[in-house]
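> Fold the following for me, if possible:
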Amino acid sequence: MKDIRQPDIVVIGSGISGLYTAINIDNSLNVLVLSKGTIENTNSILAQGGIAACLNKEHDFKLYTNDTIVAGSKRNNMDALKTMILESKNNIDILIDLGVEFDKYKNNELKTTLEGGHSSRRILHAGGDATGKEVIYALRNKIENKSNIDLLHNSMVIDIKKESNYFSLELITNDKFIKLTTSAVVIATGGIGGIYKNSTNPRIATGDGIALAYRLGCELDDLEYIQFHPTAFYSEEVGEKFLISEAVRGEGAYLRNSNGERFMLDIHSRAELAPRDIVSRGIFNEMKKNNISHVFLDITHKDKNYLINRFPTIYNKCLAEGIDMAKDFIPVVPVEHYFIGGIKTDVEGKTNVKGIYACGECANTGVHGANRLASNSLLECIVFGMKVANHLNLNFNRVPLSKSISVKNIKENIEDYEVETTKNNIRETMDKYVGIMRSKNNLYKAKDTIKEILNEVKKTNIKNKEYKELENMALIADLIVKSCINNKESIGCHYRIN
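So this is what the prediction gives:
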């Protein structure tokens, strides 16, 4: 393992929010970016949808604001929303300067597309349906050329303690325990999809940063708002699901039931382009009514060459599964996708614990309200990542820190405890009882099961990555279920049957 410089600031997470924040921190400050796996394991790299942006404030600011408010069931924090939309173009320009090549028309203007919930074409894409990957790779290339930034892979933070005027961190890196100190911490650890049986998230997304923040005393908010994406590729295999981007419906795809009928026409005026919570519930009810495991996405009316060029990743993935989207319907099903709640912050990413910041999916500025508008997630990452960096640049106070970074080998610490079995129990419980449609009885069943698991986990004394993941999963699941029970109102993506 390479030597680690004493960091002024530690950024936990190597997705778009973490990398973008780190890049924009002043060169005079040493930054350590910690990646739980590698950059290739992040949610960001999987993002097929684009980045929404207000490229023309005069014509689109009000429309974009209204679209986001409608999608969010009018629960949006207006300061955060105004900040995100007004600062979108500047941050898009910065991404372009960093090397992101957004798709363009033949006249060299940025190509804009339409997605669900949007009333105008304002979504930018890169590489067709590989926006996340293109942005991540551009940021990674920049990181590699920034002398003030160190990037440490396979590093999971298992504890943060607040000392008098600094923080001490304990992390597991490969087979080492590392202890270090820093003046400020930015939590950018992404979502919680790993606590669900089926999700578009990689299994590595287990809510670690949110759990760390909670134990440290940071306020959490809106934990009941969990977005289920309407169209993940259906397969009988359990686990990470391949996403069929919102953009496919934005380009004209229809949702059909097993009889080939377009059922969304009777549910919402925008049909397939309604906000995600409405489309997901529409699919869920259609599946329940007809006792079917999935519905279909139909874009066979589009030219094959167009589909190959517009959706290269999706086209090839479907083809590998025996589906030619130019002539076959794509089997799709709603699955857990995005965590709207999280660590409560202001518009500068500050939490209630001085020196702790959060941005991206793990944070909650309130910008999304009760349901996220398509393609606002990557925009959230860059706008509020920049706000965090700017606040640190203007307000950072270097304090005397211990210069010693402790590195120890991990001793074998094995107990008779079935970690993976218990993780799967949590996932089964969340999928079964805390899904698209929630009932009082099911939520209390989930509460009892998760509470029992959490109590058992607390009794164990295992100190390795797998156990700490389990501990975080149980804690986050417990907090989510309690929030779902406490909010008896059906709103946005928190839908109560009773």
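> In terms of helices and strands, where is Asp150?
When secondary structure is defined by DSSP states H and E, Asp150 falls within strand 149-152.
> I'd like the next helix or strand past that strand.
Under the assignment DSSP H and E, the closest C-terminal helix or strand after strand 149-152 is strand 155-162.
> Give the rounded mean pLDDT of the helix or strand hosting Lys445.
Remark: Lys445 resides in helix 440-459, with elements defined by DSSP H and E. Along helix 440-459, the predicted local confidence has a mean pLDDT of 96.
> Pull the distance from whatever helix or strand comes next after it to the chain's centre.
Using DSSP H and E, the next helix or strand after helix 440-459 towards the C-terminus is helix 465-486. Remark: helix 465-486 is offset 17 Å from the chain centroid, using Cα atoms, centre = their mean, to the nearest Å.
> From Phe296, how far off is the residue located most distally from the centre of the chain?
Ranked by distance from the centre of the chain (Cα atoms, centre = their mean), the top residue is Pro400, with 34.8 Å. Taking Cβ to Cβ, to the nearest Å as the measure, Pro400 falls 63 Å from Phe296. Any C-beta I mention is one placed from the backbone N, CA and C, and that applies to glycine too.
> for the stretch 301-450 of the chain, which spans come out with low pLDDT?
Counting by pLDDT under 70, the stretch 301-450 of the chain contains low-confidence ranges at 402-404, 410-417.
> which residues touch the helix holding Lys445?
Surrounding helix 440-459, the residues in contact under the criterion Cβ atoms under 8 Å, 6 or more residues apart in numbering are 422, 425-426, 429-430, 432-434, 470-471, 474-475, 477-478, 481-482, 484-485, 496, 498.
> hang on, the earlier thing: tell me which helix or strand the residue farthest from the centre of the chain sits in.
Per DSSP H and E: nothing holds Pro400, as it lies in no helix or strand.
> Just the buried ones from the contacts of helix 440-459?
Neighbour counting by 16 or more other Cβ atoms under 10 Å classes 422, 425-426, 429-430, 433-434, 470-471, 474-475, 477-478, 481-482, 484-485, 496 among the contacts of helix 440-459 as buried.
> can I see the domain layout of the protein?
In the domain annotation for the chain, the residue ranges read 9-224+340-407, 234-334, 413-496 (automatic domain parsing).
> which of those domains sits most buried?
Using mean count of other Cβ atoms under 10 Å, the stretch among these with the greatest mean number of neighbours is domain 9-224+340-407 (a mean of 21).
> Off-centre distance for that domain?
Counting by Cα atoms, centre = their mean, domain 9-224+340-407 comes out at 9 Å from the chain centroid.
> please begin residue numbering at 361 from this point
Happy to do that; since the first residue is 361 now, the last one works out to domain 369-584+700-767.
> what about that domain, start to end distance?
Using Cα to Cα, to the nearest Å, one end of domain 369-584+700-767 lies 19 Å from the other.
> doesn't His697 make contact with Tyr556?
No - here Tyr556 lies out of contact with His697, judged by Cβ atoms under 8 Å, at a distance of 9.5 Å.
> list residues touching both of the two?
Here Tyr556 and His697 share no contacting residue, scored by Cβ under 8 Å, 6+ apart.
> Quick check: Thr428 touching Leu733?
Yes - under the criterion of Cβ under 8 Å, Thr428 makes contact with Leu733 at 4.8 Å.
> Residues that sit against both of those two, list them.
Where contact means Cβ under 8 Å, 6+ apart, no residue is in contact with each of Thr428 and Leu733.
> Which residue is the nearest non-sequential neighbour of Lys687?
Using Cβ to Cβ, 6 or more residues apart in numbering and skipping the chain neighbours, the partner closest in space to Lys687 is Thr660 (5.5 Å).
> who are the neighbours in contact with the one you found?
Contacts were defined as Cβ under 8 Å, 6+ apart; by that measure Thr660 touches 685-689.
> again with Pro694
Contacts for Pro694 (Cβ under 8 Å, 6+ apart) come out as 588-592, 639-640, 643-644, 796.
> go on, Glu780?
Shown here is Glu780, whose contacts under the criterion Cβ under 8 Å, 6+ apart are Glu826.
> Please give the element, helix or strand, for it.
Under the criterion of DSSP H and E, Glu780 resides in helix 779-793.
> how far does that helix sit from the chain's center?
Between the centre of helix 779-793 and the centre of its chain there are 20 Å (Cα atoms, centre = their mean).
> Tell me the first helix or strand C-terminal of it.
Note on helix 779-793: by DSSP H and E, the next helix or strand toward the C-terminus is strand 797-798.
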